[in-house]
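In: whatever this is, show me its structure:
(2 chains)
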There are 2 protein chains.
Amino acid sequence: MREGFFRAVSTAEFTKLLRTFPPLPAENVPLDAARGRFLAGDVLAGEDLPAAGRAAMDGYAVRAAEVFGATENSPAYLDLAMDIPIGIIPDQPLPPGRCARIVTGAFLPQGADAVVMVEYTEDLGAGAIEIRRPVPPGENMLFAGEDAALGQRILAAGTRLRPQEIGMLAALGQTVVAVGRRPSVAVLSTGDELVPASATPRPGQIRDVNTHTLSAMVEAAGAEPHAFPLVPDDLPGITAALADATASHDLTLLSGGSSVGARDFTLDALRGLGADILAHGVAISPGKPTILASRAGRPVIGLPGQVTSAQVVMAVFGAPLLAHLAGDVAAFDRPVRTFPAILSRNIASKQGREDHVRVRLEPRPGELPLAHPVLGKSGLLKTLLLADGLIVIPADLEGYAGGLEVAVRPI
Amino acid sequence: MREGFFRAVSTAEFTKLLRTFPPLPAENVPLDAARGRFLAGDVLAGEDLPAAGRAAMDGYAVRAAEVFGATENSPAYLDLAMDIPIGIIPDQPLPPGRCARIVTGAFLPQGADAVVMVEYTEDLGAGAIEIRRPVPPGENMLFAGEDAALGQRILAAGTRLRPQEIGMLAALGQTVVAVGRRPSVAVLSTGDELVPASATPRPGQIRDVNTHTLSAMVEAAGAEPHAFPLVPDDLPGITAALADATASHDLTLLSGGSSVGARDFTLDALRGLGADILAHGVAISPGKPTILASRAGRPVIGLPGQVTSAQVVMAVFGAPLLAHLAGDVAAFDRPVRTFPAILSRNIASKQGREDHVRVRLEPRPGELPLAHPVLGKSGLLKTLLLADGLIVIPADLEGYAGGLEVAVRPI
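Out: Residues are numbered from 1 along each chain as shown, chains lettered A, B, ... in the order given. Alright, predicted model coming up:
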């Protein structure tokens, strides 16, 4: 646990190590269970969407050339050929010089290439329709294949399925989708002072927090947390728990322990299990005493027992790793979405480590919010409750000056 | 469906109507199922956290007054009184003039009021400890009750439970939490042209998209979607489906139909069921032909059948309504989280309606991203696939100029 015992890698080096773990295999899931998942392969359109020309407005289907130049003062007059209900494709083409009454979503007859909105027309009776505006070809309608053309790549492998992608897949009839498997994550905590949250601590004991916060963060990242019982803070206990967890989970998180030799137990247990220790320490604050290992090709992250540190490490490294494992091709490359705020005061930072500072936001009407650093001793839970986000001070800076515009990452 | 048939209320008026629906009753859920839920009542600490003074660093527990003025050149010397393991409370007080070896997380003996980090000490052997830095009282330790004091309000009713709040509740032993019930949402689509996504459309038919996108958006908003079979686009069909949906769900969403008159079927069905029509039309684009009704005190939203419109209305009104129903006290008041971008070109907007424009973001190193309006005909699914967010042009403006910094709401 003592900082001098290991050389910390940079956050960039740590991320490079995380990238080496292969994404999980694909599985087929029903479309309605696929939200938030990542496509395992490209999706090609199996048909044209729409299948034929389709009205996007209520009005009259016309040949655009026949209403060219129509105005209020000099309207065009077309005879009504048909009334097109929704849900069928007209079996007769539109005869020249005529129009068809159509509703939004209905399919156009052969020959029609535009729709004049009903607002710019008048039904004069006896089948005569007055058209008071011209339309260019394609106006107020979709052409066959305009949304998706047979064989076209509609969605690329690695795309995250938002509601709109789910909608496109429904439109294409793809009710089963191949997506990356959701990572199964073993969440382990160790520490001789810990009791389960449901227990009453004896004097000197405290309740386990990390199992619950880390499980919640795993779930928020779209993966499946599996909370293990508290792990005894000794070599046999940690070895047994890590052997079990790494055998059946895609990622193992072990936080703690707080006892002096505990960090060594984790390392020794991993080495005893034949794991490769990839990193021991990362230049981040909080979170420096973090371990990264690989057992049978699956990642193990040893997180600090301190709750704030464990959460920062999970947010900065754990969440993108889970997205990467789940098939997000840009998990480590996509810029983190931040929003701007003005720093309320100076904050100092040690050079050589990336500092993640918790901030509380104070909204200000018509101005950027103020970001107040949440001060408080290491180990306090309440500093995280007060925080709305994190700001990052790069390793090569000594701090940020008050008044600076900073990028806040929501937490 | 024709725009002139009704008077649209403003988005502010529509939101005011949404506020009138009461939040759902509370339920008790296990802590690990409470992420994203909203607290039904204040949470008071049932005990002090920590229960007694606790070390936040490895080192030596001291009386701060006894190391006052200690320096490298003029250290203080204290005899080691005890070694404090983690997980117990020392039963002996710290004798004056002595110190106790302690690890992070261990409890301090009576009399000690600070911890000197191990880096600033030296164990000289034979029980003599050299202290080379002074510490103010409270340094590197937490006082009893510093995180939470018995009886103190720790979390307020209406708070959304993030992983850190889950952690605080675990620390307090609150493994069952009273939260607002998750809204159960009936998702209905109607339209004579629609077939289920799993079916092969006959000529003129298309697959149902809205049931899938809206269900995904409901789920993303933390509520429980219940997709209904397609509703026949006629008065008896819509009446039966709405009667069923509103009897057993906290919110009913009905999108479509596309046929002329369908909007009237929805209104007539609602009136026939004794519902109050609260709004018929809202000054938003897309999404104007939106209906809000109340049946037996539960909200019904009639959404446009057009997929883009339905999604915008769901994002702007549906998601905050669901949060409000689930117990989010600030659902309608919290500013929507946006991030800044530079508009790539002019966009025009009709005055008198709030325009929600889809934009694609182009990241630029060291500069704000460019927001490109996603152009495309109404009714195209692919415009939503290309969009990363929405920008809002207020009802009183005629548009935005290219080069302007705009606030992008992620979708």
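In: which helices and strands does the longest helix along chain A pack with?
Out: Across chain A, the longest stretch assigned as helix under DSSP state H is helix A:235-248. With contacts taken as 3 or more CB pairs under 8 Å, 6 or more residues apart in numbering or on different chains; DSSP states H and E, helix A:235-248 sits against strand A:184-189, strand A:251-255, helix A:262-272, strand A:298-303. C-beta here means a position set from N, CA and C on the backbone, and glycine is covered the same way.
In: now do 10 Å
Out: For helix A:235-248, the packing partners by 3 or more CB pairs under 10 Å, 6 or more residues apart in numbering or on different chains; DSSP states H and E come out as strand A:184-189, strand A:251-255, helix A:262-272, strand A:291-295, strand A:298-303.
In: any idea which of these gets closest to residue B:114?
Out: Closest approach to residue B:114 among these is made by helix A:262-272 (24.0 Å; CB to CB).
In: tell me the angle that closest one makes with strand A:291-295.
Out: For helix A:262-272 against strand A:291-295, the angle by axes from the mean of the first three to the mean of the last three CA atoms, to 10 degrees is 20 degrees.
In: for helix A:262-272, the distance to its chain's centre please.
Out: Helix A:262-272 sits 34 Å away from the centroid of its parent chain (CA atoms, centre = their mean, to the nearest Å).
In: could you point out which element follows that helix?
Out: Going down the chain from helix A:262-272, the next helix or strand is strand A:276-280, by DSSP states H and E.
In: okay, now the unreliable bits of chain A?
Out: Counting by pLDDT under 70, chain A has low-confidence residues at A:1-6, A:257-263.
In: what pairs with the top strand by length along chain A, and is each one parallel or antiparallel?
Out: Of all segments of type strand in chain A, defined using DSSP state E, the longest is strand A:354-364. Sheet pairing of strand A:354-364 (DSSP bridges) gives strand A:284-285 (parallel), strand A:367-373 (antiparallel), strand A:389-393 (antiparallel).
In: can you list the buried residues in it?
Out: For strand A:354-364, burial by neighbour count (16 or more other CB atoms under 10 Å in any protein chain shown) applies to A:354, A:355, A:356, A:357, A:358, A:359, A:360, A:361.
In: sticking with residue A:82, tell me its helix or strand.
Out: With DSSP H and E as criterion, residue A:82 is part of strand A:76-84.
In: which of the residues in that strand are buried?
Out: A:76, A:78, A:80, A:81, A:82, A:84.
In: end to end on stretch A:113-127, go ahead and measure it.
Out: With CA to CA, to the nearest Å as the measure, the first residue of stretch A:113-127 is 20 Å from its last.
In: quick one: that stretch to chain centroid distance?
Out: Put simply, stretch A:113-127 sits 46 Å off its chain's centre (CA atoms, centre = their mean).
In: please apply the same query to stretch A:223-239.
Out: Stretch A:223-239 sits 28 Å away from the centroid of its parent chain (CA atoms, centre = their mean).
In: from residue A:147, how far off is the residue sitting furthest away from the middle of chain A?
Out: Taking CA atoms, centre = their mean, the residue of chain A most remote from its mean C-alpha position is residue A:126, at 57.5 Å. Using CB to CB, to the nearest Å, we find residue A:126 at a distance of 38 Å from residue A:147.
In: you'd agree residue A:26 is up against residue A:39?
Out: Yes - applying CB atoms under 10 Å, one finds residue A:26 in contact with residue A:39, separated by 8.8 Å.
In: now for the two: what residues contact both?
Out: Counting by CB atoms under 10 Å, 6 or more residues apart in numbering or on different chains, the contacts common to residue A:26 and residue A:39 are A:157, A:177, A:178, A:179, A:180, A:327.
In: would you list every one of the helices in the stretch 51-200 of chain A?
Out: Ranges of helices in the stretch 51-200 of chain A, per DSSP state H, counting those that start in this stretch, are A:163-171.
In: can you list the buried residues in stretch A:374-386?
Out: A:374, A:376, A:377, A:378, A:379, A:380, A:381, A:382, A:383, A:384, A:385.
In: pull the most distant pair out of those residues.
Out: A:378 and A:385 (15.3 Å).
In: residue A:250 is nearest to which of the strands paired with strand A:354-364?
Out: Comparison of the strands paired with strand A:354-364 against residue A:250 by CB to CB identifies strand A:284-285 as nearest, at 23.4 Å.
In: so what's residue A:276 up against?
Out: So residue A:276 contacts A:270, A:292, A:293, A:294, A:295, A:297, A:300 (CB under 10 Å, 6+ apart).
In: give me the distance between it and residue A:292.
Out: Counting by CB to CB, the separation of residue A:276 from residue A:292 is 9 Å.
In: next, show the common contact partners of those two.
Out: Common neighbours of residue A:276 and residue A:292, using CB under 10 Å, 6+ apart, are residue A:300.
In: of residue A:26 and residue A:39, who's got more company?
Out: Using other CB atoms under 10 Å in any protein chain shown as the criterion, residue A:26 and residue A:39 rank with residue A:39 on top: 24 against 18.
In: mind listing what the more buried one touches?
Out: A:26, A:155-161, A:165, A:169, A:177-180, A:327-329 are the contacts of residue A:39 under CB under 10 Å, 6+ apart.
In: if we can go back for a sec, which ones among the buried residues of stretch A:374-386 lie within strands?
Out: Among those, no member lies in strands (by DSSP E).
In: filter those residues down to the ones near chain B?
Out: When contact is defined as CB under 10 Å from any CB of the partner chain, those meet chain B at A:376, A:377, A:378, A:379, A:380, A:381, A:382, A:383, A:384, A:385.
In: kindly reformat the residues you listed as JSON lines containing distance to residue A:195.
Out: What follows is those, written out as JSON lines (distance: CB to CB, whole Å):
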{"residue": "A:376", "distance to residue A:195": "24"}
{"residue": "A:377", "distance to residue A:195": "23"}
{"residue": "A:378", "distance to residue A:195": "22"}
{"residue": "A:379", "distance to residue A:195": "18"}
{"residue": "A:380", "distance to residue A:195": "20"}
{"residue": "A:381", "distance to residue A:195": "16"}
{"residue": "A:382", "distance to residue A:195": "21"}
{"residue": "A:383", "distance to residue A:195": "23"}
{"residue": "A:384", "distance to residue A:195": "21"}
{"residue": "A:385", "distance to residue A:195": "22"}
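In: now the shared contacts of residue A:26 and residue A:39 as a markdown table including neighbour count and distance to residue B:227?
Out: Output for these, formatted as a markdown table (neighbours: other CB atoms under 10 Å in any protein chain shown; distance: CB to CB, whole Å):
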| residue | neighbour count | distance to residue B:227 |
| --- | --- | --- |
| A:157 | 16 | 27 |
| A:177 | 24 | 16 |
| A:178 | 17 | 22 |
| A:179 | 23 | 20 |
| A:180 | 23 | 24 |
| A:327 | 26 | 25 |
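In: chain B next: which of these are close?
Out: Cross-checking the shared contacts of residue A:26 and residue A:39 against chain B (CB under 10 Å from any CB) gives no overlapping residues.
In: closest one to chain B out of those, please.
Out: Within the shared contacts of residue A:26 and residue A:39, the smallest distance to chain B is 11.3 Å, found for residue A:177 (CB to the nearest CB).
In: so who does that closest one touch?
Out: A:26-34, A:37, A:39-41, A:43, A:155, A:161, A:165-166, A:169.
In: of those residues, which belong to helices?
Out: Judged by DSSP H, helices contain the following of the contacts of residue A:177: A:165, A:166, A:169.
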